[in-house]
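*Asks:* attaching a predicted model along with its sequence, questions to come.
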Amino acid sequence: MAKTDNVSKIDPLRARRDEEKEERRQAILDAAEKVIARDGWEATNFGEIAKRARLSRSLVYFYFPARDDLFHAVCGRGLTEMEKRFAAALASARTGLEQVMAIGRAYYQFSLDEPLYFKMLADYQGRDLDPENESANEAEAHGHGRNCLTMVGQALGQGLADGSIRKSIGDPRPTAVSVWAFTHGLIQIASRKEAMLKADFGLSAAKAMDHGFALLRGSLAART
């Protein structure tokens, strides 16, 4: 009986310690995002993060032993937010084609609302993944990213089933990768090359996106 009582006393204390550790981890990530937004990822150092978080540099290293750990943790935050937006977009439309387009629009809005995350994720998506040797933070980010791409595939599969997407696309999985690559590239060009688009083509970023999405819709839609 005494042993059970001891466990009941220890567990709340352990839970509180775990809660405090997670709060401290999130505070470090909050500080890191502010420093990265100001200085850029390459110029970010743990000393500045520690100063902004009001913690010791050694404590920041305790939570994130390497720069890659911090990088993937920030990307994980971004991908978590993007996953929520994709899920909402998926639920907002009836046909598979409309779901794909809603996810594309959600991705574009994400890039406008969360420019830091979008920039970090552009770097993340350009890195090679090694599932056999990934860290916990990397594995978490990878999982959220995989979920986002899976939702694109689900929308394409729904479109094949309801007849809104042409059957000739075949397997929705490689098509999901193509849709993702097209949309990501379109957003990058629209956001980074807007001055060139206006000067050479008379296009705003919004008009470039609208035109690109119209092409995407046309390439996927079933012919009626």
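*Replies:* Perfect, I can see it now.
*Asks:* give me the neighbour count for residue 24.
*Replies:* Applying other CB atoms under 10 Å, we find 16 residues neighbouring residue 24. The C-beta positions use only the backbone N, C-alpha and C, and glycine is treated the same way.
*Asks:* now for the helix or strand hosting it, which elements pack on it?
*Replies:* Residue 24 is located in helix 2-39, with elements delineated by DSSP states H and E. Contacting helix 2-39 under the criterion 3 or more CB pairs under 8 Å, 6 or more residues apart in numbering; DSSP states H and E are the following elements: helix 46-53, helix 57-63, helix 67-92, helix 115-125.
*Asks:* and it with helix 67-92, angle?
*Replies:* For helix 2-39 against helix 67-92, the angle by axes from the mean of the first three to the mean of the last three CA atoms, to 10 degrees is 90 degrees.
*Asks:* for the remainder of this discussion, apply numbering that starts at 54.
*Replies:* Will do, 54 is the new start, and the previous item becomes helix 55-92.
*Asks:* what score does residue 70 have for pLDDT?
*Replies:* Taken from the predicted model, the pLDDT recorded for residue 70 is 81.
*Asks:* look up how far residue 172 lies from it.
*Replies:* 35 Å (CB to CB, to the nearest Å).
*Asks:* ok, the two, which is more surrounded?
*Replies:* More neighbours surround residue 172 than the other of residue 70 and residue 172, with 19 against 10 (other CB under 10 Å).
*Asks:* distance check, residue 270 against residue 149.
*Replies:* From residue 270 to residue 149 the distance is 12 Å (CB to CB).
*Asks:* so what sits against both of those two?
*Replies:* Among the neighbours of residue 270, none is also in contact with residue 149 (CB atoms under 8 Å, 6 or more residues apart in numbering).
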